[in-house]
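Trainee: quick one, structure for this:
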Amino acid sequence: MLDTIRQWWHYLLSKRSEVAQMDYKDAYMAKVVMDIHRKRTGKRLVQLPLALLDPIHRIDRDSALRSARERAEALRAHHDALLETKLLDSEALQAIIPSVSQIKVVRDGERWLAFEGNGRLYAMREVFAAVDGMRVEVEEYVFDDPRSIQRRLRRVRKLNRLPAVT
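Mentor: A predicted model of the protein is given here:
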């Protein structure tokens, strides 16, 4: 329990420099994430191809960029071993690039939109190419009718100047 509190405290402290830089798209994204948690009918751990995971926002703030670079370096240190297994499961992710939560996604057609874990996703994409066939264990949120959530996540991507999901 104490370890969990420490992890969350460290997480919150690492985000404090980003608060002053927040704007309307961050507020909208927070609302969408709250709706995801409120409207989900279930969640499950799944292993998905890294190439099919898309972030919902850019990593463009100094602290987030620094963290993504550090995570990419940590992944590079394990590059060959990870390519042998072609899998970043929960255990490997926590050992190499620890975080307080899983990478969390919502399916949108043949792609999955990451609403938590975007920095880790950017780091993985910096280290592994689509042709590597790397798979990532993520927590997929499911809905009876996901269309409004998918539409909102696409809008968050658009507000963050990311290309449309195809």
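Trainee: the residue nearest to the spatial centre of the chain: what's it in contact with?
Mentor: To find the centre residue of the chain, average its C-alpha atoms and take the closest one (C-alpha atoms, centre = their mean): that gives residue 117, at 2.3 Å. Going by C-beta atoms under 8 Å, 6 or more residues apart in numbering, residue 117 touches 99, 101, 102, 103, 104, 138. C-beta here means a position set from N, CA and C on the backbone, and glycine is covered the same way.
Trainee: among those, name the buried ones.
Mentor: If you count burial by 16 or more other C-beta atoms under 10 Å, the buried members of these come out as 99, 102, 103, 104, 138.
Trainee: ranges for the helices of this protein?
Mentor: Counting by DSSP state H, the segments of the chain that form helices are 2-19, 24-39, 62-77, 79-85, 90-96, 118-127, 147-159.
Trainee: deepest in the core, which of those is it.
Mentor: Between these, the one whose residues have the most neighbours on average, counting mean count of other C-beta atoms under 10 Å, is helix 118-127 (a mean of 22).
Trainee: packing partners of that helix?
Mentor: If contacts are counted by 3 or more C-beta pairs under 8 Å, 6 or more residues apart in numbering; DSSP states H and E, helix 118-127 sits against strand 53-55, helix 62-77.
Trainee: adding mean pLDDT, write these out as JSON lines.
Mentor: Below are the helices and strands packed on helix 118-127 laid out as JSON lines (pLDDT from 0 to 100):
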{"stretch": "strand 53-55", "mean pLDDT": "98"}
{"stretch": "helix 62-77", "mean pLDDT": "96"}
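Trainee: please consider this matter closed, and thank you.
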